[in-house]
Structure formats: structure tokens, C-alpha cells
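Participant: what shape does this take:
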Amino acid sequence: MTTNSTNKHPRSLLLTLFVAVNALLTAFVCLFVWQQLTPDRTISQLELGAFKPLAWFAPLEEFFGSRFEKVQSFIPVALPILLYIATYLLSFCRRASYRPWKRILVLHFEFGLLAGVMLACVFGLEGLWFGWLIMLVMAVGYAALVWGVECLLGFILNKVCEALFEKGSYAVGTHCLNFALLLHPSDKKLMRMQGVARFEIENILGTIQALEPLAVDNCTDMEILTVLELSYRREKMWDKALRIGKMLVAVDPDNEDARFRVGQLLAQREQFAEAAEFLRSGPPTSRMDRLDLRLDCELKVRDFSNAAETAQRIETVETRGYSKAEAAWRKILELDSTQAQALEALARILTRHQREEEVYALYEKIVAVDPQRHDLRSNLIQHYKEINQLEKAEPHLLALMDMGRANEEIVLTYGNILFLRGEYDRALLHFHYAVENYPNDYRFAYFLAQISFKTDALEEAKRWCAEAERCAHEAHHLSRIEALRGRIDKAVEGRELQVLQERSRRNPQDIDARLQVLLSLCAQNKAEHAVPEFDEFLTTHPQMRQRAMEELKRFTEGEDASFRLMDYVADLNLQEKRWDEVFDLACRMSQRSLQGESVLKSRCEQILIGAPQYAPALQHLATLAHKEQNWRKSLELHERLLQIKGTDRDKLLQAVFDAQRALGQADKALKIGEILIEEHPRDIRYRMQVVYLLAQQELYDEAFVHLTAAQSMDYYNTEVIKAIQELGERRKMARLKDLLSEIDANPGNMESVLEAGDIYADLGESRKAISFYQKAVHHPAFKNRAGGKLAYAMAQIHMFDLAEETLNEVELRSSDPTEEAQNKSICYEVAEIFRQEDLNDKALHLFKKIFRVDAAYRDIVEKMEALQE
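Facilitator: Now for the predicted structure:
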């Protein structure tokens, strides 16, 4: 709103009127005050030298005459003051955008002048120049003072508002800001603050009202433009929002958000071309929503070149998944399916997702648009070869050959298609051409051999096989050719067989021809037909048996020999009692059958019917019975083998030992074990199995004899050491069992009681040992022997006082040197236990007791010295 328009506003006109009226009232009041304070003067008499400033009031005095005094009484001094206040308050308006500061200054000047007149009259200076100076100073000074106070108050309120807004107190700050705007409604900074504050408290219309006057064409304030644009958008004032958005982008071309919003508005108004151009003109963006909008606008106007550029940008920005990029390219293809760049890009994305079928479908579309894409045609050919759909590859093969892009693989693939389709004539011509152009590639000659084989040109097939073999160098290529050669040879043999069969049919008396027919059947692996024919032939012509068997033998020696034929030849050998041939065939047949063991077992049993002492069959059946833990059968067969010379006696004896032990024939097994030990006295293995068998029979003393012998051969053998420990404990438990039976039968047998206590002590069961030792101690003959052992057992379970008392009653001197040595050892061990438990006095007492009997016993002196220190 301009100043001129402000002057025409009713409130401004009224303010002007009030100022003018106030001026007149001020003049009259000044005269009134002057006359009241200086009654002896009239207006015409007031002068200051030659200057008469109030002379123009003289006509008024003449007009009113005596009534002028009445007028004076009706004009109170307070009237201009009230009018001044009313006029000043009228200058404040919340809806005003401008404050008439010139008229307000005039109003303040008038009030200051009135105050100056009153002051000059009070001090009697009204007729002097100094009085006029006071009136002028009061008028100007008051106006300046009030204006300065307003400016200061506005500045303070501005700072307070800024502080409140920084703290987020928009409600309080807004009230403070409204008061500041009453003083300075045209202050742009305050208006800007008011607009932003209203936006923060969601007063959108108030925001527009506050900021709209500031958004002139040359406005560069980003905050004003941004807030105003967002406010217009919220109130759906799209035209204004578009105008402000363009201003915002013009001020800050790098503002992506503003550019995007303008693009949205243009797209909303269906100005797609302008929107696309506007979005492209900005800096490169990585925001998907921006790129999507730009792409949509470009597609609306079918600008495919720029749309492809945008889609490429989306693919570049998208780092994973590429779903957005895929959708972008598909949008382009929906409008124009012949866009080669979009097809290739979509194929590239689908390749990353390993969606091969869709990729190759896209390749088909690309080559339809651009037939010269030989690289894609090659990929399609390779794909169709992998999925075995060569008929789909044919048009691409022909296209590549027409373009002169053919190579060995392409030529070979096309020929293979012709071959598989059964077009042998075309394939033959094609591969003849290929052999001429690629003479060193064996595959073309190989295919010619196949085609010749398929068309029954067997001699030609052999020739091409030889040519392929000449060109091939790698082993798997040669094996491939060899396999084809074998098929050709079989076909040749089949043809020869047909000739032989025809000759045999025409001359039934020709036995040799008949035999050759049967042998040809065997050569072609037609054993199922040959075997019954052979059986019938040999029944009819038994004189041919030997010759037939010799001829058949060569068909059973190869790795690819027929199982059925081998079984038939084995039957023939069995009838002729050729046991070695039967067993050999049975062994080879077992290696080629899932039921090999049963096959060999059956043949061995058949052999033993005719030859009960045939060692290989016996050995196999015996080993099988041992493996299956058929111990009776194993024992029988191994005992039969022992009667045959030339067999492995040690292995047979070992197998017999295992069978007898498993059958519970311990005595027989021990005899076999003793035989093995006698024949191999240094072999610990044989001794240990006898040890385990003796332990099983609880013959521990005999077992320890063999264990002692075994340990003397290998002292550190872990198996021997472990067996000694285990059998020792088992022997003790067995002896303890016997002792407890004896004690139950004869409780007074102290020898058994003492021995039982010793066994419990060795087994670590000290509490049980104590009970037996106490029984023995009560017997006078065993008191000394059992006392020391009782004390040691008590010390083991920390019964130290009782152990000491018991040892005090034990006499270390004895007529029996063994008993004396035992008691000294026990006393020493108990003393060591005391010393380890820090019972030094008790330990020293026992060491002294030993010292009194034998001062040289072990390290007794050093022990005593250490304890006495």
C-alpha cells in the first residue's frame, strides 16, 4: 500500500482534521492563557518591537467585543489536551500499514507550543524574545522527545520479540510484536517477524496478511518467500504460490525443494513441458521424488530423449534393488516399446536380478528394433543352446551368417539344428561347406560321420570318423569320437550278423555258421538272446561245448562284459568242474552287482558241493561267517581250512580262537591261544587276548603271569599297563569276596580279617578298612601288626588324635624284620601326613619315635631338624 493511498484512508483524513482543529484550539487556548495571565493587555497591544505575531487575532477581539471574555470562559485549558490525547491515540491502529508521522510530529509540536506559552506567561516572559525562544524550544523539543521515546520503545520491543522467538515462545512474542507494530506499522523487519511468528503458530491467513506487502518483485528474502509460498500452498492459492515459488528459485537456483514445489504446481496446472524444463534447469538432484516428477512430466509430453536421461539418472542414484529405475524404464516402454535405450537399460537391471527369461525377451525386442546388434544375437543363441531350444536360435544364426559374423560355433549350432530336425541333406551340404572353411575343427567331420551313420552310409561314416580323429587332440574329444566309432562298428557287426543269420537260415546244417551267429550276438551285448540260443545249440551239438566255451571266454574278460553272459559261462565251467574259472568269474561278478556278497557266496557253496576242500571257496565262506559273527559256521569252516596245507595258519588259528571264545569254549580257546603264544612268544597281541580270556574266567593269577611276561617285553605298553591296573583291582575284589565269605564262616580268622582290611585300604575305602583293623587290634597276636595300619587309615580320614594314640601303642621293635620295617614305614607316612597338615608337634613326636629305633632310617634326621627350627 503506497503513501498516497494511505492519505486517502478515512482514518488518515480524520487524523488530519483533528490535527487542524487541535491547532485552532491551541491558538485560542494560548490567547486565553495569555489574557488570563496578562489582563491589562489586549491582543492589539501585544507586540515585540516591530514584529506583531498575534496581530491577526485583532479582528476576533473586535468581532466578539465584550463577548470575547465569555468565549474565554467556555474554552477550558484542558480541551486541547484532551483533543491531543484523542488524536495521538487515533494514530495507533492494528490494521494500519502506515503511520502518518509528519502529522503526528505537528500534533506534538502544537502540544509543546501550548506548554511553552503557558511557561512563558507564568514567568512573565511573554513579551520578550527569550519567551519566544522558550516557546519554540518547548514545541520542537517535546515533539523530538516523544518521537525518540517511541523509537526507543520500538527498539526494545524488537529485541524482546527476537529473544522470545529464539526460545520458541511464539504466543507471548506475538503479543509483544503487535504492540511494537502499533508504534511502527511500516517497519519491514517487524512485519517479517510477525509473519514468521504467525506461520509458526499456524495462523496462515495472518501470515499472508503480514508478509504479502513485503513480497514485492525485487524481494530477495528467502525466509519471507519460503514462508509465504508455503502459506499460499496451504490456503490453495496456487497462482500466488507459483509466482512466489518462481521468485524463490530465481533468488536461490540451487534450492531443490522450491524448484520441486514449482514443478508440482506446474504439473498440477498441466503445464508439463514447462514443468519438465523447469526441473531440468536446476542442479543435478539425487532425490527420487524430484526425478519421478520430472520423468512423469517428460513422458506426458512424450519427450523420450530427456525421459531416458532422467531414467538413467534414477538408475545411477539408486544403489540397491533398482526397483525405481526398473519402473522408470517400463514407463517409457509403455508409451513407446521401440525405445532401444530403455530396452537395454531394463535388460541390464533384470540381469542384475537374474531374471533371465525376461532379459532374453528384451533382447529379442532390441534386435527387432536394431537388427545389426550381433552381440545380442550371440547372447540369444547361447541362451537357447543352454535351454535346449535351438529352433528359436535359428533366425539369429541365419542373421549372423548373412551379416558375415559367422564363426565355428555359429556354423556348428545351425548345422546341429538341421541335424536334430532330421534334415540330413541340408545338414550334409552345410557341414561340407563348414569342413572346407574350418578344416582343423574336428566337430564338423564328426557331425558328417553322424549324418552318414544316420543315413546308413557306414563306410562314409568310418572315413569321417578317421578325419575327425585326425583333427582332435584332447582326450575327451577322442573318447567322443571313439564312442561314435563303436556305434558304427556295432552297426557294421549288426549288418554282418544279418548276413550270417541269413546264411544260417538258408543252410541249417552249417554248425560253424550257427556258432558265428551266436558269437555275433554276444559281441553286440545281446546276451539275453544269445544265452538261450547257446543253451539250445550246446544241447543239440554237445561236441561243440569246448570250442564254444573257449570262444565265450573272451566275451567275459572285459570290463563291459555282460553279467548275464558271465553267469552262463560260470554255469558251464561249474558243469565242467573248472573250479578256478568259476571262482574267478564269481569274484568279478560280485564286484559288478549290488548283491555281490550273495552272488559270490552262492557260487562258493556250489563249488564246495563238488569240491569240499577247495580252499578259496572255504576261505571266503569262513571269512564271511566270521564277519557276520556266525561263530559255529566260522569255527567249522576254519577248522576245515586248518586241515589243508598251504593256508595261513596264524590267521586261521586266530579265527578259531575268536569263534571258540564267542561260543563259550574257553578251554579250547585257551589251548589255541597257548599254541599262538608258543609259535610267537614275542607277540604281545596274542598274550593279551589270552589275558582277557583268563580274566573272563577269573583266573587272575594265570593272567598276571602272561601280563608280567608282556611287560617284560614292552615295559611302557599302555595296553599292558591298563590291563595290570584293571585286573589288579578285579583280582582284589575277587579275593575280598572270598575273604568276606571266610570271615562269615570263621569270624576268629584274624589273618583273613587283616587281609580284608588291607584290600579295603588299597581300594581307598579307609572307613571300611578301619573296622577290620580294629577287630584285628583286639587280638593280642595281631595288635602290633594291625595297629600301625589302623593308625594310617585313621590319618587318611583326618582322625589325627586317634591315629597318634594308636601309634603310641605300637612297638616299632619286633623280632620279625618284615613287621618292623612295615611299622617304621607306616609311622613315617603318618608323620608326613601330620607335617603336611601343620601338626608339627605330632609329626616331630613320631619322627623321634622312629629315631629311637633306627637313627639312620631314610631322612629322619633332616626332618627332625626342619621341624625343630
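Participant: contacts, neighbours, all on C-alpha from now
Facilitator: OK.
Participant: can you report phi and psi for Thr338?
Facilitator: Here is the backbone geometry of Thr338 (degrees, to the nearest 10): phi -100, psi 10.
Participant: now it, nearest residue through space, not along the chain?
Facilitator: With CA to CA, 6 or more residues apart in numbering as the criterion, Thr338 has its nearest non-adjacent residue at 6.2 Å, and that residue is Val369.
Participant: burial of that neighbour, as a residue count?
Facilitator: Using other CA atoms under 10 Å, Val369 has 15 other residues around it.
Participant: state the distance from it to Ala399.
Facilitator: Applying CA to CA, to the nearest Å, the value for Val369 to Ala399 is 14 Å.
Participant: and Ala786, by the same measure?
Facilitator: Distance from Ala786 to Ala399, by CA to CA: 113 Å.
Participant: pLDDT score assigned to Val77?
Facilitator: For Val77, the pLDDT comes out at 55.
Participant: apologies, that question was intended for Ile156.
Facilitator: On the pLDDT scale, Ile156 is placed at 67.
Participant: please apply the same query to Glu61.
Facilitator: 47.
Participant: again, but for Thr316
Facilitator: 75.
Participant: and what of the one 4 residues further on?
Facilitator: Looking at Arg320, its pLDDT stands at 75.
Participant: against Lys331, how distant is it?
Facilitator: Arg320 sits 20 Å away from Lys331, taking CA to CA as the criterion.
Participant: which one's more surrounded, the two?
Facilitator: Legend: neighbour count by other CA under 10 Å for Arg320 and Lys331, higher for Lys331 (18 against 8).
Participant: for the stretch 701-850 of the chain, which segments count as helices?
Facilitator: Secondary structure of the stretch 701-850 of the chain by DSSP state H, counting those that start in this stretch: the helices cover 718-745, 750-762, 766-777, 783-796, 800-808, 817-836, 840-853.
Participant: to Glu270, which of the ones you listed lies closest?
Facilitator: Nearest of the helices of the stretch 701-850 of the chain to Glu270, taken as CA to CA: helix 718-745 at 96.6 Å.
Participant: can you state the direction angle for that closest one and helix 750-762?
Facilitator: If you take axes from the mean of the first three to the mean of the last three CA atoms, to 10 degrees, helix 718-745 sits at 140 degrees to helix 750-762.
Participant: what residues of helix 718-745 count as buried?
Facilitator: Within helix 718-745, the residues that qualify as buried are 720, 723-724, 727, 731-733, 736, 739, 743, counting by 16 or more other CA atoms under 10 Å.
Participant: now, which of the residues you listed sits nearest Val830?
Facilitator: Each of these was scored against Val830 by CA to CA, and Lys732 proved nearest at 24.5 Å.
Participant: got phi/psi on Arg269?
Facilitator: Dihedral angles for Arg269 - degrees, to the nearest 10 - are phi -90, psi 10.
Participant: pull the number of nearby residues for it.
Facilitator: The number of residues near Arg269, taken as other CA under 10 Å, comes to 12.
Participant: what does His706 give?
Facilitator: 20.
Participant: measure it to Glu678 for me?
Facilitator: Noted for His706: a distance of 12 Å to Glu678, by CA to CA.
Participant: picking up where we left off before, who's more crowded, Ala786 and Ala399?
Facilitator: Ala786 (26 against 16).
Participant: circling back: would you confirm that the residue nearest to Thr338 contacts Leu343?
Facilitator: No. Val369 is beyond contact range of Leu343, at 9.9 Å (criterion: CA atoms under 8 Å).
Participant: what's the first-to-last distance across stretch 660-668?
Facilitator: End-to-end distance of stretch 660-668 (CA to CA): 7 Å.
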